[in-house]
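Asker: Could you work out the structure for the sequence below:
(one chain, ligands or ions: 1)
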Amino acid sequence: MKRYIYADNAATTKLDTVAFEAMKPFLLHEYGNPSQLYSFSRIPKRAIREARETIASCIGALPEEIFFTSSGTESDNWAIKGTAFLNSQRRATITTAFEHYAILHSCKAIEQQGYPIVYMNPTSDGYITGEILKSYTRDKPFLVSVMYANNEIGTVQPIEELCTVAHKSGALFHTDAVQAIGHMPINVHNLDVDMLSASAHKFNGPKGIGFIYIKEGTKIPSYIDGGAQESKRRAGTENVAGIVGMAVALKQNCDHLQENNRHIEALEFELISRLNAAGVGYIRNGGENRLPGFISLSFIDMDGEAILHRMDLSGICVSTGSACNSVSTEISHVLKAIRLTDKYAKGTVRISLGKENSQDDVETISQVIRKIVCT
Ligand code: PLP
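Answerer: Numbering: from 1, shown residues only. Below you'll find the predicted structure:
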């Protein structure tokens, strides 16, 4: 198999081998339906209970506040559309202009049903400050949803402060933490968020499984109707292997968070230093408070897609924007929201380094970028 340098960890990550081993029995032998009463179902049922406890302990939640879903997208849909059911007075939902489409399109769906949505613009370095949110909360919103870390530029939002502002105005607070969970310490109890979305494949877990944290007492209705799974709030026979893999992957990442991040930050520093030493001209998008390894670079008068294809020819995987809109040549809504000029925005690539990357990877990436941009 051709060896790729995979530098697109914001799109997805490699499955952790410990997580894979933990999943295997549930794909092969322990296939009992966890809802059944016979003893063959005891092991999968217990595995789900333990996975829920593990995930809860990684984020400072109670096990009964964790609900398994199929993805970050489903968790986001549940948070936005589920909350709309409760919003009989049709008070505003406040979100940001640079959310992932899982939030933006969910908001659009409820907007079409008459629920007002307000989109906040971030600062030009990619932040929603408490002051910005305060200026929008005078009209007593019902829900505020702000992503934990942006998936194109990696900026980390001041979630605790935003949550306090939202609660003071009487609103619920949701955060899409799909990029952040497993990559930085997160404690939902300290943050005091009401809902939080996560997706396993962003933290070295399997694809097609995620969860939503819903604070005890939050009256968000069930999202998928059917059987009694997930305390009757999210029906459907559980993806046992996925749930187990997600819990193990999250625990692995949380247990090794500091060493992983030290490694990734050193690679990031090395890459930027090499580009600077070679005299490569670029704008780096987003302020200093970013997720480790997130490097969004814009090159003047260049075509990001052409850069991506030339890097691909050298065996390097990067992204032009978020993976979900990489077929589109339009300037990403995130870069528009931070008001990057078209001359730079069109020539943007996102490099997202992960724990699997090495010094050699970074050396090759910098050499290839220099060749593409400077010749
Ligand atoms: N939210 C953010 C911030 C994301 O980056 C993504 C995926 O890129 C999602 C939601 C969707 O997650 P999933 O791929 O699990 O549906």
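
Asker: Just give me how far the least confident helix or strand in the chain by mean pLDDT sits from the chain centre.
Answerer: Within the chain, no helix or strand scores below helix 83-86, which has a mean of 91 by mean pLDDT, DSSP states H and E. Per CA atoms, centre = their mean, to the nearest Å, the displacement of helix 83-86 from the mean C-alpha position of its chain is 23 Å.

Asker: Also stretch 52-60?
Answerer: Relative to its chain's centre, stretch 52-60 lies at 18 Å (CA atoms, centre = their mean).

Asker: residues near the residue of the chain found nearest the ligand, how many?
Answerer: Nearest to the ligand in the chain, going by CB to the nearest ligand atom, is residue 72, at a distance of 2.7 Å. Where C-beta positions appear, they are placed from N, C-alpha and C, glycine not excepted. Residues lying near residue 72 (other CB atoms under 10 Å) number 27.

Asker: For the remainder of this discussion, apply numbering that starts at 496.
Answerer: Will do, 496 is the new start, and the previous item becomes residue 567.

Asker: residues in contact with the nearest residue to it once chain neighbours are set aside?
Answerer: Computed as CB to CB, 6 or more residues apart in numbering, the closest residue to residue 567 that is not its neighbour in sequence is residue 694, at 3.2 Å. Neighbouring residues of residue 694 by CB atoms under 8 Å, 6 or more residues apart in numbering: 566-568, 570, 673, 704-705.

Asker: Now the phi/psi pair for residue 694, please.
Answerer: Geometry field for residue 694 lists phi and psi as phi -140, psi 130, criterion degrees, to the nearest 10.

Asker: Check residue 862 too.
Answerer: Here is the backbone geometry of residue 862 (degrees, to the nearest 10): phi -60, psi -40.

Asker: measure it to residue 764 for me?
Answerer: According to CB to CB, to the nearest Å, residue 862 and residue 764 sit 17 Å apart.

Asker: How about residue 774?
Answerer: 18 Å.

Asker: Okay, buried residues for stretch 542-553 please.
Answerer: The neighbour-count check on stretch 542-553 (16 or more other CB atoms under 10 Å) flags 542-543, 546-547, 549-551, 553 as buried.

Asker: mind checking how far it is from the chain centre?
Answerer: On the basis of CA atoms, centre = their mean, stretch 542-553 sits 20 Å off its chain's mean C-alpha point.

Asker: helix/strand/coil for residue 668?
Answerer: Of the three states, residue 668 takes strand according to DSSP: H, G, I helix; E, B strand; the rest coil.

Asker: is it in a bridge, and if so with what?
Answerer: Going by DSSP bridges, residue 668 is paired in beta bridges with residue 639.

Asker: and it, how many neighbours?
Answerer: By other CB under 10 Å, the residues close to residue 668 number 25.

Asker: Could I get the contacting residues of it?
Answerer: With contact set as CB under 8 Å, 6+ apart, residue 668 has these partners: 638-641, 657-658, 661-662, 687-690.

Asker: and what of residue 744?
Answerer: Contacts for residue 744 (CB under 8 Å, 6+ apart) come out as 510-511, 513-514, 677, 695, 698-701.

Asker: In helices, which of these appear?
Answerer: Judged by DSSP state H, the contacts of residue 744 include 513-514 as members of helices.

Asker: Sort out which of the contacts of residue 744 are buried, if you could.
Answerer: 510-511, 514, 677, 695, 698-701.

Asker: would CSV of those with pLDDT and distance to the ligand be doable?
Answerer: Output for these, formatted as CSV (pLDDT from 0 to 100; distance: CB to the nearest ligand atom, whole Å):
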residue, pLDDT, distance to the ligand
510, 98, 14
511, 98, 16
514, 98, 16
677, 98, 13
695, 98, 8
698, 98, 11
699, 98, 13
700, 98, 10
701, 98, 11
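
Asker: For residue 851, state which of these is nearest.
Answerer: Ranked by distance to residue 851 (CB to CB), those are led by residue 699 at 8.9 Å.

Asker: give the contact list for the residue nearest to the closest one when sequence neighbours are not counted.
Answerer: Computed as CB to CB, 6+ apart, the closest residue to residue 699 that is not its neighbour in sequence is residue 511, at 4.1 Å. Counting by CB under 8 Å, 6+ apart, residue 511 makes contact with 699-700, 743-744, 747-748.

Asker: same question, residue 759
Answerer: By CB under 8 Å, 6+ apart, the contact list for residue 759 reads 787-788, 848-850, 852.

Asker: what does residue 690 give?
Answerer: With contact set as CB under 8 Å, 6+ apart, residue 690 has these partners: 574, 667-670, 707-710, 713, 715.

Asker: can you rerun that using 7 Å?
Answerer: Taking CB atoms under 7 Å, 6 or more residues apart in numbering, we find residue 690 in contact with 574, 669, 707-709, 713, 715.

Asker: ok, now residue 687?
Answerer: By CB under 7 Å, 6+ apart, the contact list for residue 687 reads residue 658.

Asker: Could you do residue 650 as well?
Answerer: By CB under 7 Å, 6+ apart, the contact set of residue 650 is 621-622, 644, 781-782, 784-785.

Asker: quick one: it and residue 540, what's the gap?
Answerer: From residue 650 across to residue 540, the span is 41 Å (CB to CB).

Asker: Check residue 578 too.
Answerer: 30 Å.
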